[in-house]
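Asker: I need the structure of the sequence given here:
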Amino acid sequence: MNLTEKSNLLEPWNQFVLNGNHNALSKIYFHYYDQLFTYGLKHTSDKQIVEDSIQTLFLNFIRNRKGIGTVKNLSGYLMSAFRHQLFHNLSNQKKTILPGEIKEEKFVYFKNQEEEISDKEHLEEVHNAVKKSVDRLPSRQQEIIFLHFESGVPYEEIAKMLDITIDSCYKSVYRSVRTIREEVEKILGKGNNIILWFFSFFHGRKT
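Answerer: Below you'll find the model as predicted:
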């Protein structure tokens, strides 16, 4: 999500917060639903509780609209609020959050760039190599990678969400990217041009 999109989405959000415009909130809901749902499935395989948590989150926005403060980064705010709601619901229903429940197919970083690679066989190789390397990361590193690269949440917001320091965020991403690079190189070889493309893509996604 680029800066223009973020700015445009803040407009309907502010319309809702200031004026109670439910149509504006609906726009936010439909735009972020898939992103929130995907993130929720990284913490539990229970799709129903993920859906319920999203619904409850937005109902709470309506109920508590007047108490919502200034939001500068909407994506970070929604992801943090949803994470809190999901964990609250999981706790109430005595669900167990298992790191191993993070699903391999959800970590696809190339969904907007696939048309740039004409060799589909190489593309599949890259997909498989990245999936395998991401799956080997600790669950916390997987979460940080998802939040930052896939959802565009800034390091500062991630640090608040996960109750860690910003420096820890930077170090975690550095270690994750280094591990992924090494694993991909083992599979595809150091001289493979797709690896260079892969890391230019990663660095291009940073905020």
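Asker: so residue 57 makes contact with residue 83?
Answerer: No. When contacts are counted by Cβ atoms under 8 Å, residue 57 is not listed as touching residue 83 (9.9 Å). In this view, the C-beta of every residue, glycine as well, is placed from N, C-alpha and C.
Asker: Helix, strand or coil: sort out residue 42 for me.
Answerer: coil (DSSP: H, G, I helix; E, B strand; the rest coil).
Asker: residues near residue 70, how many?
Answerer: 7 (other Cβ atoms under 10 Å).
Asker: Tell me the spacing between it and residue 76.
Answerer: 13 Å (Cβ to Cβ, to the nearest Å).
Asker: Burial check on residue 52, number of neighbours?
Answerer: 16.
Asker: Got the phi and psi for it?
Answerer: Dihedral pair for residue 52: phi -60, psi -40, per degrees, to the nearest 10.
Asker: Helix or strand with the lowest mean pLDDT in the chain?
Answerer: helix 193-205 (a mean of 45; mean pLDDT, DSSP states H and E).
Asker: on contacts alone, who are the packing partners of the one helix or strand residue 174 maps to?
Answerer: Assessed by DSSP states H and E, residue 174 sits inside helix 166-188. Secondary-structure packing of helix 166-188 (3 or more Cβ pairs under 8 Å, 6 or more residues apart in numbering; DSSP states H and E): helix 120-135, helix 139-145, helix 155-162, helix 193-205.
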